[in-house]
Each structure stands twice: as C-alpha cells, then as structure tokens.
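Trainee: Model the structure of this input:
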Amino acid sequence: MSAKSSLTFAPRLLPAPQAAAYLGVSATTLRGLPIPRKVLGGKRLYDRLELEAYADSLSTEGEVKANSCDGAFGIT
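Mentor: As a prediction, the model looks like this:
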C-alpha cells in the first residue's frame, strides 16, 4: 500500500492543517492551544484523541436541554 493510497479510516496523527480543520480553527490558532504534539519522522503531528479530549474539555455555552431518556434515570 503506497503512502498516497486513499484510506478508509481516519488517521490517528494529523499535521497541523488537518488537525486545525478537525477542530474548526485556523492552524495559527491551533498552534496557540495547549494541545501536545507528537514527533514522528521529524514531523510534528497532533493526536486525534488529544484533539477530541481538548474539545470535550471546553465549556458549553447556553442551557443544556434535557434528553427524553433523562426522566427514566431520574435526571430532570
């Protein structure tokens, strides 16, 4: 399989432009965020799991709406 082959799965390590697109920010903004990078073959790459963890840690704006299943678990 050549490096240029199209993948049927998302790569785990992403270069800055792809990592930035994944989060919906510019590459410049991404580089200023406290997200660690990995080094592989001299390339600085962002781990998709680290990107997801960072996104999950961000605060939520606005009121969270109750899910229809919440009542079954006593959550109101």
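Trainee: What is the burial count for Ala72?
Mentor: Residues lying near Ala72 (other CB atoms under 10 Å) number 8. Any C-beta I mention is one placed from the backbone N, CA and C, and that applies to glycine too.
Trainee: no no, Ser59
Mentor: Residues near Ser59, counting by other CB under 10 Å, number 4.
Trainee: could you pull out the strands for this structure?
Mentor: Ranges of strands within the chain are 13-14, 37-40, 43-47, based on DSSP state E.
Trainee: looking at the ones you listed, which is buried most?
Mentor: Stretch with highest mean neighbour count among the strands of the chain: strand 13-14 (a mean of 20; mean count of other CB atoms under 10 Å).
Trainee: mind checking how far it is from the chain centre?
Mentor: The chain centre lies 10 Å from the centre of strand 13-14; the measure is CA atoms, centre = their mean, to the nearest Å.
Trainee: And the pLDDT at Thr76?
Mentor: The score at Thr76 is 62. That number is its pLDDT.
Trainee: again with Met1
Mentor: Predicted confidence (pLDDT) for Met1: 52.
Trainee: next one: stretch 6-26 to chain centre, how far?
Mentor: Distance of stretch 6-26 from the chain centroid (CA atoms, centre = their mean) equals 8 Å.
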